[in-house]
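Novice: kindly return the folded structure for what I paste below:
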Amino acid sequence: MDAVLCSILVCVTASATGAVHNSPNFVVTAQDPAFAKQVAEAAEVYRKELALAWTGKEMPRWSSRCPIQVKAGQMGAGGATTFQFDRGEVYGWNMQVQGTEERILDSVLPHEINHTVFACYFRRPLPRWADEGAASLIEHESERMRLKKIHEQVMNSNKKIPLKKLLGMKDYPTDQQQVLTLYAEGYSLADFLIQQSDRKKYLQFLSQSFTDGWERALREQYGYEKIDHLEKELDQWILAGSPELTSPAGSMVADRRRGPTREVPTIRGQSPEWHVVLGEPGDWPRGSVVHEAKPTRQPEPTSPSDAPRSRMTLALPIASTSGIERRSRELLVQPTRVLAK
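Specialist: Okay, the predicted model is just below:
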């Protein structure tokens, strides 16, 4: 009887927790064993290629795997990753993702993985806009278009978060709508800055802001004399529909240094408790963490779950996409747009 009861309990536990698949840096739990394996493989690809795209080097293997709890189905897409910093080390990894299989693979998972890349690089908490904005650049086009629409809707209303306030926000707003506004404005600002230069300068800008403040960092990295000057150009760009910038990289910075004004070129959440970590940005620690909670969104109509999935590319602004595209062909995901820079 004991053996039979034990066998029944094991079966019930396995059914409740789902299938588990291990990879070098992740342990994925999902109801579908095949999808658990697919998420683990995708997470490893995103972890490698995003680190290379942002920093030019891979992250070392983490000392302990990051658990990923997957809830797949016709539900809103969203995710959250929890962590702790402690004297340059990271522990307590935990990631949760949910949504349709397509949205998990092409939006939620890369968004969450990008947070871990930034956490490992900076080894300190980032302003919410900078972390969420960069992570949102990688999402599926439908998600990015949603963020653009939200930003356009708040532009001439009291719901818009002024740039001076947005830059320093380390906690998510308590109002759900304002959380979405933070995501939208963060996405637009990250996109606007990176299109003017590249990812390296974006990271340099954030690093300098920690020590020198936002205005000096903006002036030295992008040529803006005042935060207000950046906000004016950003607002004009948003109102114009966020067209792709056509000026050669670096030209906008040079132009601004000749004067403060000029024509614009043609062109989810919780308040985490942060633990400051020691170390210099850019020197990979043995582990790092991030905390982020993204508000869920209602799923868009999709094909039946057993329909074949198409192959993917990453929607990341990168100077050279060949490496990411080559590796991403190994994954079966909804296609996304690869930005130029």
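Novice: so, low pLDDT: which residues of this protein?
Specialist: 1-17, 88-91, 246-341 (pLDDT under 70).
Novice: following the top helix by length along it, which helix or strand comes up?
Specialist: The longest helix of the chain (DSSP state H) is helix 33-55. Counting by DSSP states H and E, the next helix or strand C-terminal to helix 33-55 is strand 66-72.
Novice: and S242, what does it touch?
Specialist: 148, 188, 191-192 (Cβ atoms under 8 Å, 6 or more residues apart in numbering). Backbone N, C-alpha and C define where each C-beta goes, glycine included.
Novice: SS state for it?
Specialist: Using DSSP: H, G, I helix; E, B strand; the rest coil, the structure places S242 in coil.
Novice: now the longest helix of the chain: buried residues?
Specialist: 35-55 (16 or more other Cβ atoms under 10 Å).
Novice: and it, what does it pack against?
Specialist: Applying 3 or more Cβ pairs under 8 Å, 6 or more residues apart in numbering; DSSP states H and E, we find helix 33-55 packed against strand 19-22, strand 26-30, strand 66-72, helix 109-122, helix 199-212, helix 322-328.
Novice: any idea which of these is most buried?
Specialist: Stretch with highest mean neighbour count among those: helix 109-122 (a mean of 26; mean count of other Cβ atoms under 10 Å).
Novice: other SSEs contacting that helix?
Specialist: Against helix 109-122 (3+ Cβ pairs under 8 Å, 6+ apart) you get helix 33-55, strand 78-86, strand 89-99, helix 128-136, helix 199-212.
Novice: let's have the ones you listed in a markdown table, adding distance to L180.
Specialist: Shown next, in a markdown table, are the helices and strands packed on helix 109-122 (distance: least, Cβ to Cβ, whole Å):
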| stretch | distance to L180 |
| --- | --- |
| helix 33-55 | 24 |
| strand 78-86 | 12 |
| strand 89-99 | 16 |
| helix 128-136 | 10 |
| helix 199-212 | 22 |
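Novice: indicate which one of those is closest to S107.
Specialist: Taking Cβ to Cβ, strand 89-99 is the member of the helices and strands packed on helix 109-122 nearest to S107, at 7.6 Å.
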